[in-house]
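*Asks:* A structural model of the following input is requested.
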Amino acid sequence: MERPSLEFNLPDTHEEGKLYVVDSLNNLNKLNVCPAESQRSLDEEENTGGTGESMAGSNTRNQCLFFITFILTLIVSLALVSFVIFLIFQTRNEVDQISSRLLSEKKNIEELKKLNNIILKYLNQSRIKE
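*Replies:* Model (predicted):
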């Protein structure tokens, strides 16, 4: 706190003296009541003017950490969703390939059945002729 001025303006000097005494008593009370660690936080609060600037700094740091964590979570989620979509398309392509193979095999089996029937008819006709 500022020292009282040397002017002879008594009302101002008296009020400044009161403030100086109150500030000194507060400091003495802090030394007697508060442990050393909490005294540091009180001193920091006095240095910041008691406006909570140190709390605002940690609050900003917490918000920044939350924002970074949120962004990382979104990126990981997006990567996982993309991977799942890729697997779905890959599986769909495999199923399409298998179904097309099954259709072609079914056609081959039907052709083999027809050939078998033709061969059986031919054999039956040749036995009859003999």
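*Asks:* What does the pLDDT read for Lys106?
*Replies:* Note on Lys106: pLDDT of 94.
*Asks:* If you could redo that for Ser58, that was the one I meant.
*Replies:* 82.
*Asks:* Over to Lys30?
*Replies:* pLDDT recorded at Lys30 is 69.
*Asks:* Next: the one 4 residues further on.
*Replies:* Each residue has a pLDDT score; the one for Cys34 is 53.
*Asks:* do the same with the one 4 residues further on
*Replies:* On pLDDT, Ser38 comes in at 53.
*Asks:* likewise the one 10 residues further on?
*Replies:* At Thr48 the predicted local distance difference test score is 54.
*Asks:* same question, the one 5 residues further on
*Replies:* Note on Glu53: pLDDT of 54.
*Asks:* And Thr91, by the same measure?
*Replies:* 96.
*Asks:* before we move on, what about the one 5 residues further on?
*Replies:* We have a pLDDT of 95 for Asp96.
*Asks:* what's the helix or strand for it?
*Replies:* helix 53-129 (DSSP states H and E).
*Asks:* what about Tyr20, how many residues close to it?
*Replies:* Burial of Tyr20 is recorded as 14 neighbouring residues (other Cβ atoms under 10 Å). In short, each C-beta sits where N, CA and C put it, glycine included.
*Asks:* Quickly note the distance from it to Asn27.
*Replies:* Distance of Tyr20 to Asn27, given as Cβ to Cβ, to the nearest Å: 11 Å.
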